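1. quick one, what's the 3D model for this:
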Amino acid sequence: MPYSHIGVRSSAAQQTLTRALEALAVEFKLPDGFDPQVLAEVNQVIAGHTLPDPDLTALPFITIDPPGSQDLDQAMFLERDGDGYVVHYAIADVPSFVPAGGPLDTETRRRGQTIYTPGNRIPLHPVPLSEGAASLFANDPRSAFVWEIHLAADATQTSAKVRRATVQSVAKLDYAQSQDMLDAGNAPAAFAGTLALLREIGTKRIELERARGGASLNVPAQEVEFVDGRYVLQFRPGLPVEDWNAQISLLTGMAAAQVMLAGKVGILRTMPAPDAGAVAAYRLQTVALGKPWDETMAYGAYLRTLDTSDPRQLALMHAAATLFRGAGYTPFNGTVPEEVTQAAVAAPYAHATAPLRRLVDRFVLAICAALCSGAEVPAWAVQALDALPEIMSASNQLASRVDRAAIDTVEAALLSHRVGTEFDAVVLAGPRQNGHTTKAGAARSTIQIAEPAVTGYCVGNLQPGTVVRVKLVTADIARRTVQFVPAAPTQTGS
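-> Numbers count the residues shown, from 1 in each chain. Below is the predicted model of the structure:
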């Protein structure tokens, strides 16, 4: 699927869109700033914060994030160790900035995670912390939880530990910059080795993921951005470096899970394996769409064979979401739970790498560091375990609803001047897969038009993976509604 960056043409539609997006904060009751007592506590903690030992600022860490990111959770330094590797992965030291039981602790538990809206974010922590004192900016010494993970020649983990330390990043990169440097071979000497090893380790970790039956849903990203004073919809396939970078984060989450399971205290990100019925239905769909899923191939390996530039295979990638359901958080203290696996990862896994943006990571990091040092696990972390699943579930649902509402609103605005126009489209899901009908009870299929790359509903029971001609009949910005009908066949004379 080619990259597209599409803006709203009509100034009237742009104004309507702006009002509709600004109204999301009210509709979803999103927090507006922080109370004075929270800000006062943050300022006090930042003023009195001290950097920990050991000092690891001699290691040339780098950060790789989406363009424009200021809340930098992770920094990495990769090196060879004989025929294996060492992954040094620094995670922002949020626990040292959040006094247990204080106003900020209370507020972060209310929020759960950072919520992103077009042109704005509702942060989990106040900006002086999340985009300031705790963010792993280049050339600034920072307190961090530093994972040291040793890997064998095939990138399997041989050992892992985490401790607090002082680090200093030497470069703030985005994904495109990193990929361009790797492709051109012109990365600065200070971190050229880390980038090269990121590709080497990431590629090997992908192979290990395939071997253990893990899976990644590599659906092209659809994002709303605020660019040059206008809201635009970006539709962008992921770069290889994003996949390699994600593998380092997954590796760390798996290491955190192992540490907590060994210590019999913590909280895992778990997901059940897809049930037999869902697997059987998906297998039938792969046959119907001409890309059969071989019985001997794990579903993660199968998904990596899909080419999303092919309409049928794009439909299969979207349909694979039916196999990724039921994710949650499993806390434990004293005994190991029966179910410890995250099925998409195909291993025990924990959220541990994004504490600036996600609440649960703060507790995982504190628990892991205590277990690795042989210290007593902080009481505040243990006492929060039972409450965290409900907090994270609620915030995940809210974040998903806000994101979907924003995308739906922008899609309606993009097409608001084109009602009556016909488009070529790919059918992503029929009524049986998406469970949708019109208000009158008619079946609706999910489609994606080719240009602009917008998803919507088309009346009718359409076959997933087929290319159809559709006519736009509704593009309502205020109601966030885009709907199509099958285009009438062209009449030819005799």
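
2. for the stretch 301-450 of the chain, which spans come out with low pLDDT?
-> Scanning the stretch 301-450 of the chain for pLDDT under 70 picks out 433-441.

3. all helices for it, in order.
-> In the stretch 301-450 of the chain, the segments counted as helices under DSSP state H, counting those that start in this stretch are 311-319, 359-373, 379-384, 388-415, 431-434.

4. so which of the ones you listed is nearest residue 53?
-> Among the helices of the stretch 301-450 of the chain, the nearest to residue 53 by Cβ to Cβ is helix 359-373 (12.7 Å). Where C-beta positions appear, they are placed from N, C-alpha and C, glycine not excepted.

5. list the buried residues for the closest one?
-> Of the residues in helix 359-373, those with enough neighbours to count as buried (16 or more other Cβ atoms under 10 Å) are 359-372.

6. and if you look at stretch 330-346?
-> 330-332, 340-346.

7. looking at those, spot the one nearest residue 388.
-> Nearest to residue 388 among these is residue 331, at 6.4 Å by Cβ to Cβ.

8. right, and the closest one touches residue 382 too?
-> No - the pair residue 331 and residue 382 fails to qualify as a contact (Cβ atoms under 8 Å) at a distance of 9.3 Å.

9. and the furthest pair within the buried residues of stretch 330-346?
-> Pairwise distances among those were taken by Cβ to Cβ; the largest, 21.5 Å, belongs to 331 and 346.

10. sorry, back to before: and of the helices of the stretch 301-450 of the chain, who's closest to residue 255?
-> Of the helices of the stretch 301-450 of the chain, nearest to residue 255 by Cβ to Cβ is helix 359-373, at 8.3 Å.

11. and residue 149, backbone torsions?
-> Backbone torsions of residue 149, given as degrees, to the nearest 10, read phi -120, psi 120.

12. and what of residue 80?
-> phi -80, psi 150.

13. gap between it and residue 64?
-> Distance of residue 80 to residue 64, given as Cβ to Cβ, to the nearest Å: 20 Å.

14. give me the more crowded residue out of those two.
-> With neighbours defined as other Cβ atoms under 10 Å, residue 80 and residue 64 compare such that residue 64 has more, 25 against 11.

15. for the one helix or strand the more buried one maps to, C-alpha coordinates in PDB please.
-> Assigned by DSSP states H and E, residue 64 belongs to strand 61-65. Provided in PDB are the C-alpha atoms of strand 61-65 (Å, rounded to 0.1, in the frame of the first residue of the first chain):
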ATOM      1  CA  PHE A  61      22.700   5.300  23.600                       C
ATOM      2  CA  ILE A  62      20.300   6.500  20.900                       C
ATOM      3  CA  THR A  63      16.500   7.000  20.800                       C
ATOM      4  CA  ILE A  64      14.300   6.000  17.800                       C
ATOM      5  CA  ASP A  65      10.800   7.300  17.900                       C
END
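
16. any idea of the mean pLDDT for it?
-> Averaging pLDDT along strand 61-65 gives 97.

17. that strand - contacts with which helices or strands?
-> Strand 61-65 sits against strand 74-81, strand 169-174, helix 175-184, helix 189-212, with contacts defined as 3 or more Cβ pairs under 8 Å, 6 or more residues apart in numbering; DSSP states H and E.

18. which stretch among the ones you listed comes nearest residue 259?
-> With distances scored as Cβ to Cβ, the stretch of those nearest to residue 259 is strand 74-81 (17.5 Å).

19. direction included, what does the helix or strand following that closest one pair up with?
-> Sequence order places strand 84-92 as the next helix or strand after strand 74-81, per DSSP H and E. Using DSSP bridges, the strands paired with strand 84-92 are strand 74-81 (antiparallel), strand 142-151 (antiparallel).

20. how far off helix 359-373 does strand 84-92 point, in degrees?
-> Here strand 84-92 runs at an angle of 130 degrees relative to helix 359-373 (axes from the mean of the first three to the mean of the last three Cα atoms, to 10 degrees).

21. now render the helices and strands packed on strand 61-65 as TSV, adding distance to residue 23.
-> Compiled in TSV, the helices and strands packed on strand 61-65 are given as follows (distance: least, Cβ to Cβ, whole Å):
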stretch	distance to residue 23
strand 74-81	34
strand 169-174	31
helix 175-184	31
helix 189-212	41
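
22. closest one to residue 275 among the ones you listed?
-> Each of the helices and strands packed on strand 61-65 has some distance to residue 275 by Cβ to Cβ; the shortest is helix 189-212, at 20.0 Å.

23. restrict the closest one to CA atoms and write it as PDB.
-> Extracted C-alpha coordinates of helix 189-212, given in PDB (Å, rounded to 0.1, in the frame of the first residue of the first chain):
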ATOM      1  CA  ALA A 189      30.400   6.600  13.800                       C
ATOM      2  CA  ALA A 190      29.100   7.200  17.400                       C
ATOM      3  CA  PHE A 191      26.100   5.000  16.700                       C
ATOM      4  CA  ALA A 192      26.600   3.300  13.400                       C
ATOM      5  CA  GLY A 193      27.300   0.100  15.200                       C
ATOM      6  CA  THR A 194      24.100   0.200  17.200                       C
ATOM      7  CA  LEU A 195      22.000   0.800  14.000                       C
ATOM      8  CA  ALA A 196      23.800  -2.000  12.200                       C
ATOM      9  CA  LEU A 197      23.200  -4.400  15.100                       C
ATOM     10  CA  LEU A 198      19.600  -3.300  15.400                       C
ATOM     11  CA  ARG A 199      19.000  -4.700  11.900                       C
ATOM     12  CA  GLU A 200      21.100  -7.800  12.700                       C
ATOM     13  CA  ILE A 201      19.500  -8.600  16.000                       C
ATOM     14  CA  GLY A 202      16.000  -7.500  14.900                       C
ATOM     15  CA  THR A 203      16.100  -9.800  11.900                       C
ATOM     16  CA  LYS A 204      17.200 -12.800  14.100                       C
ATOM     17  CA  ARG A 205      14.500 -12.000  16.700                       C
ATOM     18  CA  ILE A 206      11.900 -12.000  13.900                       C
ATOM     19  CA  GLU A 207      13.100 -15.500  13.000                       C
ATOM     20  CA  LEU A 208      12.800 -16.600  16.600                       C
ATOM     21  CA  GLU A 209       9.300 -15.100  16.700                       C
ATOM     22  CA  ARG A 210       8.300 -17.200  13.800                       C
ATOM     23  CA  ALA A 211       9.900 -20.300  15.300                       C
ATOM     24  CA  ARG A 212       8.000 -20.000  18.600                       C
END
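
24. and the helix or strand hosting residue 19, what does it pack against?
-> Assigned by DSSP H and E, residue 19 belongs to helix 11-22. Contact partners of helix 11-22 among helices and strands, from 3+ Cβ pairs under 8 Å, 6+ apart: strand 230-236, helix 388-415.

25. nearest to residue 167, out of the ones you listed?
-> helix 388-415 (26.9 Å).

26. buried ones in stretch 286-296, by neighbour count?
-> Judged by neighbour count (16+ other Cβ under 10 Å), stretch 286-296 contains these buried residues: 286, 289, 291, 293.

27. ok, residue 365 - contacts?
-> 91, 93-95, 145, 162, 256, 352, 355 (Cβ atoms under 8 Å, 6 or more residues apart in numbering).

28. actually, residue 158.
-> By Cβ under 8 Å, 6+ apart, the contact set of residue 158 is 84, 150-152.
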